[in-house]
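Enquirer: here is a sequence with its predicted model. Questions after.
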Amino acid sequence: MTYSSLLFIYLFFPAALGIYMISPKKIKDIVLYAESLIFCGFMGVKMTLFILLFSIVNYTAGKFIYSVKPRLKSIPLAIGILFDIIMLLSFRADYFAYLHGFMRLPEGAYPLGISLFTLSTVGYLADIYKGNIRADKNFIRFSLFVMMFPRLIMGTVISYDTYLTTMKNRRFNIGELGEGIIGFVKGLAKKVIVADQLYMLYSAVDGMPLSKLSAASAWLGIIAYILCLYFTLSGLSDMSCGLCRCFGIRMPNSFNYPMFSGRIRVFLSKWHIQVIQWFRKYITTPVSSMINNAYIGKFVFVIVWTVTGMWYSFSTGGALWGMLMGLAVVIENKFTKFRRIRTNGVIFTMFAITLISVFLAAESISGGLRYIGVMFGGNGNLADSLSVYLLKYYIVILLVAVYGSTDLFKNTLARVKDSKFGWIISVFTPVTVFALLLASTALMAYSGQSDSMIIML
Amino acid sequence: MKRAVKITAGAVMIFISAVMGMILFGGGFVQDITTIGKTELINGGIDDKLAGSVAENLPFRDYMRSLGAEAGAKIGEPVVNDVYISDERLLDVSASELSSAENYALEVNSFAESYSGTVYFAAVPTSKGIYGDDLPSYIFDITEKKLIEYLYDELAVNIRKIDAYTILKMLSDNYIYCRSDTKWTSYGAYCLYRTVIQKLGFIPISYDKYAIRHVTDDYRGNLYDRTGYMECKADLLDIYEYSDGTEITECTGYDRDGVEHQLSLYDTKAVESDNPYNLYLGEPMDFIRIKTTVNNEKAILVIGDETADCFIPFLTKHYSEIAFISADSYKEAIEKYVDTKHYEQALFLVGLDCIKNY
């Protein structure tokens, strides 16, 4: 089940929240766990057992790492991490697809969010190994770390100690519920209203043979891809954070308006914040600490970015995307002394990111290169009737997406809130939330859900 | 601000709870839960099924769908659930594959081989085939014209092919296709009838001899069902009546379970039902036998889908017996109900919708 589903919004969520609210504090975790099992149950018993097995293996590995002698700690750590990576690859990589069959999971079954909760569990095992945390004795609490339903579908990646603190400090009141609902509806609107439309635009371009594509259509397609990726990931993240908050659990946001940043480095520091931080914390920093040579350090940085790219898309294109992102940051840092005025910086950054992202969208490196060629008029066709048609119909949503991906609206709201017209916000907020919920419901009224995904994480 | 947040929480939760109650107490959703099978429970798919059920049982469903279609068309491309919304009409834009045509041709060839009479074949395009020229190039993948040509090439040489596409395309300025459905109108069926009946050896009845009765001017077809787009003008369902003294003496249908039903050429009560297109020949049947007072001992076997429903009445003025077999299950129906030797002519009158899904 996805969050952007009428079944979730109008049945599961209110029922789960209601039961959670009235249950005594002592058993709230058990209730949340039972609800999470039911949530997974909608994906089928096999998938529920898979996620449960995932929790059990990591819980057990964590206990072993914590309890065995120091010289043996690396064995359960390696087994645990290997298990996590193999499970992840069995869903993400074609090379390991046979494992999918081996688990007898139905064709097409995919535990949405597996890439994120795998990072969480690997981080958990590594933290125990490094002695930063103790292995949790409470299985339900640990299992909630993996499969808590408000966080399961592409929720925030957090370390286990942050998770414990967050769970300990949870507080439920109408204000938190309101903030949670606002966050959830904001994410829902991002996914259903904006991302789904951009996905259609991208699909329209992607469905055309490359040899028939004009430069304008190619640019429209890749811009739609990047914006769709942002609105899908940040929408799901907002929904997850909003849901957690409805249950009194405060999770940090994963995106901080990265689009139209003045530098590539700034863009990456605001994009999927916890994921990028995870790679830095668990791979870049430990490896770099062993290296004194600055050039090798930069090489490691690029390699880790290559791995990050493969995390997004387990393909040569994904790896190249990551590598180019890493290289772009290294090159940009090299030339920091040349100060650019902000507008130039934004244009340069978006131009570079757009070009690099072609490889994330493309099926292969050669396909990506050909696509870039088309973007610069390689087909000898700068614009055609398709590009005019697409621009005519998608210009509004593209402009909305561009505006919505910046912090301009947020800043305007903040200014109005602090002014004498602050009362407008009191009227504007519930009306807008209500209108967005209605519009999203209407857009899902035929199939009952919005399940188109530009990327499966 | 805090007050606004609290108001939002209260209002949204009241709204969600109210919708929840209406879905649960509407009955349909609870009934759908009971249909969940063991396989779905184990392998998954419950979420998709129940999400669809919630959508079906959503309060103000039609209004919400219409709102969704309008909003979708306003903020982006006018394509909703694979239906293109143009100023004039709705058009199905789901993909077609040549392999389906090939499979269908094999079936027809195999029938023709074992059949002693003459086989006629008319593939009737959908509204997309006739009005799809204006669709953007990326949507217009395999044209129905190409699909029909491919199908006809694959058909055996002894099968007489009727070029319904060209006939209908030439008349596309007329009201020959529903605006909210993939199917043709009675007038579209009449236009093809004029050619088909000549090929079958009769003189067509001229248009001015018919008295045309508009049974409803509020028909919203399968494309409307997929979009809920109210802005598209509703369609007419017409009956073509010609009083030449010919009468229907028998119209018997057999459903999937073999149960016999007494039918009529036009079931006007169907106009008030969920599928008003059942006006023509009533509920879908596996086999329908129609006998008339035409005294020429001519009998025809018609194999068709629902496209043929509004075409059959035109044949009743020329044949003493018409055996109409559903294209979905024609092999079983022939075995069960028909002695093919009794029919000198067999006409396949199949819509592209049926061929595409074959």
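Expert: That came through fine.

Enquirer: helix/strand/coil for residue A:350?
Expert: Look at residue A:350: counting by DSSP: H, G, I helix; E, B strand; the rest coil, its state is helix.

Enquirer: got the phi and psi for the closest residue to it other than its chain neighbours?
Expert: Leaving aside its sequence neighbours, residue A:350 sits nearest to residue A:260 (CB to CB, 6 or more residues apart in numbering or on different chains; 6.3 Å). Quick note: C-beta positions are derived from backbone N, CA and C, even for glycine. Note on residue A:260: backbone dihedrals following degrees, to the nearest 10 are phi 60, psi 40.

Enquirer: residues touching residue A:260, list them.
Expert: By CB atoms under 8 Å, 6 or more residues apart in numbering or on different chains, the contact set of residue A:260 is A:346, A:349, A:350, A:402, A:405, A:406.

Enquirer: distance of the fourth one relative to residue A:143?
Expert: Residue A:402 sits 41 Å away from residue A:143, going by CB to CB, to the nearest Å.

Enquirer: chain B contacts on the stretch 51-200 of chain A?
Expert: Within reach of chain B by CB under 8 Å from any CB of the partner chain, the stretch 51-200 of chain A has these residues: A:106, A:109, A:174-175, A:177-179, A:181-182, A:185, A:193, A:197, A:200.

Enquirer: can you name the residues that contact the residue of the stretch 251-400 of chain A found nearest chain B?
Expert: Residue nearest to chain B within the stretch 251-400 of chain A (CB to the nearest CB): residue A:393, separated by 4.3 Å. Residue A:393 is in contact with B:76, B:77, B:78, counting by CB under 8 Å, 6+ apart.

Enquirer: part of a strand, is it?
Expert: No - per three-state DSSP, residue A:393 lies outside any strand segment and is helix.

Enquirer: ok, residue B:242 - contacts?
Expert: B:205, B:209, B:210, B:211, B:317.

Enquirer: if you set the cut-off to 6 Å instead, what comes out?
Expert: Residue B:242 is in contact with B:205, B:209, B:210, counting by CB atoms under 6 Å, 6 or more residues apart in numbering or on different chains.

Enquirer: cool, and residue B:181?
Expert: Listed by CB under 6 Å, 6+ apart, the contact partners of residue B:181 are B:221, B:222, B:223.

Enquirer: just among these, which is most surrounded?
Expert: residue B:223 (28 neighbours; other CB atoms under 10 Å in any protein chain shown).

Enquirer: so where does that residue fall, helix or strand?
Expert: helix B:222-227 (DSSP states H and E).

Enquirer: got a list of contacts for that helix?
Expert: Contacts with helix B:222-227, where a contact means CB under 6 Å, 6+ apart, come from B:69, B:80, B:81, B:83, B:90, B:180, B:181.

Enquirer: the first one touches residue B:80, doesn't it?
Expert: Yes - applying CB atoms under 6 Å as the test, residue B:69 and residue B:80 come out as touching, 4.6 Å apart.

Enquirer: counting neighbours, go ahead and name the busier of these two.
Expert: residue B:69 (28 against 25).

Enquirer: let's have the contacts of residue A:260 in a markdown table, adding neighbour count and pLDDT.
Expert: Below are the contacts of residue A:260 laid out as a markdown table (neighbours: other CB atoms under 10 Å in any protein chain shown; pLDDT from 0 to 100):
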| residue | neighbour count | pLDDT |
| --- | --- | --- |
| A:346 | 19 | 85 |
| A:349 | 23 | 88 |
| A:350 | 18 | 90 |
| A:402 | 15 | 92 |
| A:405 | 21 | 89 |
| A:406 | 15 | 88 |
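
Enquirer: bridged to residue B:211, which residues?
Expert: Residue B:211 has the following beta-bridge partners by DSSP bridges: residue B:241.

Enquirer: correction: the previous question concerned residue B:91.
Expert: residue B:84.

Enquirer: per-residue pLDDT, it?
Expert: Predicted confidence (pLDDT) for residue B:91: 89.

Enquirer: weed out the non-buried ones from the contacts of residue B:242.
Expert: Buried members of those, scored by 16 or more other CB atoms under 10 Å in any protein chain shown, are B:205, B:210.

Enquirer: what about chain A: which of the contacts of residue B:242 touch it?
Expert: Among these, proximity to chain A is found for none (CB under 6 Å from any CB of the partner chain).

Enquirer: please parse chain B into its domains.
Expert: B:2-92, B:98-356 (automatic domain parsing).

Enquirer: just put these in TSV and tack on distance to residue A:267.
Expert: Converted to TSV, the domains of chain B look like this (distance: least, CB to CB, whole Å):
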stretch	distance to residue A:267
domain B:2-92	26
domain B:98-356	31
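
Enquirer: which among these is found nearest to residue A:317?
Expert: Closest approach to residue A:317 among the domains of chain B (CB to CB): domain B:98-356, 22.2 Å.

Enquirer: so who does residue A:221 touch?
Expert: By CB under 6 Å, 6+ apart, residue A:221 lies in contact with A:202, A:205.

Enquirer: which SSE is it in?
Expert: Going by DSSP H and E, residue A:221 is in helix A:215-246.

Enquirer: show me how far that helix is from its chain's centre.
Expert: 9 Å (CA atoms, centre = their mean, to the nearest Å).

Enquirer: I'd like the mean pLDDT over it, please.
Expert: On average, helix A:215-246 scores 94.

Enquirer: after that helix comes which helix or strand?
Expert: helix A:264-270.

Enquirer: about what we covered before: just the CA trace of the helix holding residue B:223, in CSV.
Expert: Backbone C-alpha positions of helix B:222-227 (Å, rounded to 0.1, in the frame of the first residue of the first chain) are rendered in CSV as follows:
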residue,chain,number,x,y,z
ASN,B,222,-17.2,3.5,-21.8
LEU,B,223,-14.8,6.5,-22.2
TYR,B,224,-16.9,8.6,-20.0
ASP,B,225,-16.8,5.8,-17.4
ARG,B,226,-13.0,6.0,-17.5
THR,B,227,-12.7,9.7,-17.1
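
Enquirer: on that earlier part again, in the helix holding residue A:221, what's buried?
Expert: By neighbour count with 16+ other CB under 10 Å, helix A:215-246 contains the buried residues A:215-246.
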